[in-house]
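Student: how would this look folded up:
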Amino acid sequence: MTDVTATVVRLKLSLLRNGLRQSGGRRAAFIASAVVALLFAALQLLGLLALRGHAHADAVAVLGTAVLALGWAVLPLFFPSGDETLDPTRLVMLPLRPRPLVRALLAASLVGIGPLFTLLLLVGCALSVARGAAAYVTAVVAVVLALLVCVALARAVAAANVRLLTSRKGRDLAVLSGLVIAIGAQLVNFGAQRLGSGGLGQLSPAADVLRWLPPASAVGAVHAVSERSYGLAAAQLLLTAAALALLVAVWARSLTRLMTAPDGSTLQAADSGARERASAGGLGRLLPAGRTGTVMERSLRYVWRDPKTKAAWVTSLAIGLIVPVFNALQGTGSIYFACFAAGMLGIQMYNQFGQDTSAFWMVAMTISSSRDAYVELRARALALLVITLPYAALVTVLTAAVLGDWPRLPEALGLSFALLGAMLATGAWTSARFPYSIPQEGYKNVAPGQAGLAWIAIFGGMVSAALLCAPVIALTIWLNVSADGDAFTWLLLPVGAVYGTAVTLLGLRLAAPRTAARLPEILAAVSKG
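Tutor: This next block holds a predicted model:
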């Protein structure tokens, strides 16, 4: 009988090899990513080795192992297509039992750049705390156990959520991976600054807890052996081995259920559709009558249901909050950073017709004059304002609260409203002048050959919006440098609101005739994806 493990490992290697043969671009991207990942891992390995003998080396090693395990746990949820063997339902027609299949898939999980990257970091974590022959022997066992726990954790999570990962919600999670990276980068930056000011000693309380959680407990065992606490080390290694056995058992049970249970996703989809139809009238009753309400409802449903639109909105909402508030928490921010939220949300007005893709023809059929185009654009802008206006105000208030700079709150709100209005105006114009298609499949947000249009639309519009806000910015500067200006800075709130409203209406008026005249060109541009 053919060895199942060897066959599945060969299958994994064939999938990697055939994927690289598809195109030169994919091959170049794989090689570049592999070089960068391995170079980063090598530098981290050297950095961990340099910590040998440091008083808090064990805290860094334990936390590093815990972060690796967390990455293995969440990556299958956000990158389900990164490994074709993550979906065991593709093997459902083969006569395979769960136990041999678990061994085979576990072995296949050790093939790739990710496991090699993890192995290098785990070796660095273990060696940074190892002292003596017994500790080095323990380090070998600890690294193997920790690596197996990481890959088993990823497999167990993927098997438990395979129905989700192959559904529309799973594709939403994959698209939202950019948000996780953006938030993670901000958190890493915030943590690095805190460590730079307070030292590595701040990690010790968290490390004391995590050293008893697998697989970080395996690295904790190496440190315990170095300190001649052999009983403690044995307990931590046994804890890691028990966690591995539990993960494999859970994984095997999930595989059994997947291989034998019917797929109820269609029934769930039907139930979900019934619930949506039942609540369809709720949103419409809150919106204006006529075309304005219809377009607003359609735009808001795009935000809730379309994966690419949802990802763009959630990313903008998160980053628009993180940048001003995190800077304020670090003591390096300013209340004017709150305008970043208005800028990030205003970008959603750009390329309004791209989210319609080829279905824009139905919108185009309803536009027969500049008046129709104006109502269409106005309704889309109002749909954005339903979310952006209160959110920009909330971020500004939170930033003022963190900084304790309440006297400048009115002028910051005025600047945010003026900037938001300017971006709505320029967004309406660029939507008509520089439309581009947004592919529905994959991770790219621009169709091939249209990247230049996207750059022109976004960055050109942002520069134009900043120039449109120049009068309000100049007034803000003048009131702040004037001797008696502080008493009148509150006027910037109504001035900014009125100015933003006026600029928005003017931009919509100017964009409407161009939209009505360029309907065929817009349809051709947004249909390329």
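Student: now for whichever strand or helix holds Ile387, which elements pack on it?
Tutor: Element membership for Ile387, per DSSP states H and E: helix 370-403. Using 3 or more C-beta pairs under 8 Å, 6 or more residues apart in numbering; DSSP states H and E, the elements in contact with helix 370-403 are helix 290-305, helix 307-329, helix 339-346, helix 409-433, helix 492-517. The C-beta positions use only the backbone N, C-alpha and C, and glycine is treated the same way.
Student: closest to Ala146 out of those helices?
Tutor: helix 307-329 (31.3 Å; C-beta to C-beta).
Student: picking up where we left off before, may I see the buried residues of the helix holding Ile387?
Tutor: Using 16 or more other C-beta atoms under 10 Å as the test for burial, helix 370-403 gives 370, 372-385, 387-389, 391-393, 395-396, 398-400, 402-403.
Student: can you check stretch 514-529 too?
Tutor: For stretch 514-529, burial by neighbour count (16+ other C-beta under 10 Å) applies to 514-516, 518-519, 522-523, 525-529.
Student: how about stretch 359-366?
Tutor: Here stretch 359-366 shows 360, 363-364 as buried, counting by 16+ other C-beta under 10 Å.
Student: return the subset of the residues you listed lying in helices.
Tutor: In helices, judged by DSSP state H, the following of these are found: 360, 363-364.
Student: let me know the closest of those residues to Pro288.
Tutor: Scanning these for proximity to Pro288, where the rule is C-beta to C-beta, the winner is Val363, at 17.9 Å.
Student: the closest one - nearest residue in space that isn't next to it in sequence?
Tutor: Asp356 (6.1 Å; C-beta to C-beta, 6 or more residues apart in numbering).
Student: what's the answer for Pro100, then?
Tutor: Per C-beta to C-beta, 6+ apart, closest to Pro100 is Val4, 4.7 Å.
Student: pLDDT wise, what is that neighbour at?
Tutor: On the pLDDT scale, Val4 is placed at 78.
Student: how much space between it and Pro471?
Tutor: 72 Å (C-beta to C-beta, to the nearest Å).
Student: who has more neighbours, the two?
Tutor: It is Val4, of Val4 and Pro471, that has more neighbours when counted by other C-beta atoms under 10 Å, with 18 against 13.
Student: now for the more buried one: which residues touch it?
Tutor: 96, 100-101, 103-104 (C-beta atoms under 8 Å, 6 or more residues apart in numbering).
Student: for PyMOL, what selects the buried ones among those?
Tutor: This is how PyMOL selects the buried members of the contacts of Val4, with burial counted by 16+ other C-beta under 10 Å:
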select buried, resi 96+101+104
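Student: in the contacts of Val4, find the pair that's most separated.
Tutor: For those, and using C-beta to C-beta, no pair is farther apart than Leu96 and Arg103, which are 10.8 Å apart.
Student: tell me the domain ranges of the protein?
Tutor: Split into domains by automatic domain parsing, the chain comes to 4-261, 290-526.
Student: highest mean neighbour count out of the ones you listed?
Tutor: domain 290-526 (a mean of 19; mean count of other C-beta atoms under 10 Å).
Student: specify the angle between the helix holding Ile387 and helix 290-305 in degrees.
Tutor: Relative orientation of helix 370-403 versus helix 290-305 (axes from the mean of the first three to the mean of the last three C-alpha atoms, to 10 degrees): 50 degrees.
Student: ok, Gly71 to Ala152 distance?
Tutor: If you go by C-beta to C-beta, the gap between Gly71 and Ala152 works out to 14 Å.
Student: cool, and Ala241?
Tutor: 12 Å.
Student: and Pro435, its phi and psi?
Tutor: Torsion angles at Pro435 (phi, psi; degrees, to the nearest 10) stand at phi -80, psi 150.
Student: and it, what is it in contact with?
Tutor: With contact set as C-beta under 8 Å, 6+ apart, Pro435 has these partners: 351, 353-354, 453, 521-522, 525-526.
Student: try it again at 6 Å.
Tutor: 353-354, 522, 525-526 (C-beta atoms under 6 Å, 6 or more residues apart in numbering).
Student: ok, it to Ala428 distance?
Tutor: Distance of Pro435 to Ala428, given as C-beta to C-beta: 12 Å.
Student: ok, now Pro115?
Tutor: Going from Pro115 to Ala428 by C-beta to C-beta gives 49 Å.
Student: residue contacts, the residue nearest to Gly500 when sequence neighbours are not counted?
Tutor: Closest residue in space to Gly500, ignoring its immediate chain neighbours: Gly421 at 2.6 Å, by C-beta to C-beta, 6+ apart. Contact partners of Gly421, counting by C-beta under 6 Å, 6+ apart, are 500, 503-504.
Student: and stretch 428-445, how far apart are its ends?
Tutor: Taking C-alpha to C-alpha, to the nearest Å, stretch 428-445 runs 19 Å from one end to the other.
Student: residues in contact with the strand or helix carrying Gly114?
Tutor: Taking DSSP H and E as the criterion, Gly114 maps to helix 113-129. Residues outside helix 113-129 that contact it (C-beta under 6 Å, 6+ apart): 34, 37, 41, 44-45, 48, 51-52, 57-58, 61, 64-65, 68, 139, 142-143, 146-147, 150, 219, 222-223, 226.
Student: repeat for stretch 374-386
Tutor: Everything outside stretch 374-386 that qualifies as a contact, by C-beta under 6 Å, 6+ apart, is 291-292, 295-296, 299-300, 348-349, 352, 424, 428, 508, 511-512.
Student: got these as JSON lines, with distance to Ala318 and pLDDT columns?
Tutor: JSON lines is the format used below for those (distance: C-beta to C-beta, whole Å; pLDDT from 0 to 100):
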{"residue": "Arg291", "distance to Ala318": "32", "pLDDT": "87"}
{"residue": "Thr292", "distance to Ala318": "29", "pLDDT": "88"}
{"residue": "Val295", "distance to Ala318": "26", "pLDDT": "90"}
{"residue": "Met296", "distance to Ala318": "24", "pLDDT": "90"}
{"residue": "Ser299", "distance to Ala318": "20", "pLDDT": "88"}
{"residue": "Leu300", "distance to Ala318": "19", "pLDDT": "89"}
{"residue": "Gln348", "distance to Ala318": "13", "pLDDT": "88"}
{"residue": "Met349", "distance to Ala318": "18", "pLDDT": "90"}
{"residue": "Gln352", "distance to Ala318": "22", "pLDDT": "88"}
{"residue": "Leu424", "distance to Ala318": "21", "pLDDT": "93"}
{"residue": "Ala428", "distance to Ala318": "25", "pLDDT": "92"}
{"residue": "Leu508", "distance to Ala318": "28", "pLDDT": "94"}
{"residue": "Ala511", "distance to Ala318": "29", "pLDDT": "93"}
{"residue": "Ala512", "distance to Ala318": "33", "pLDDT": "94"}
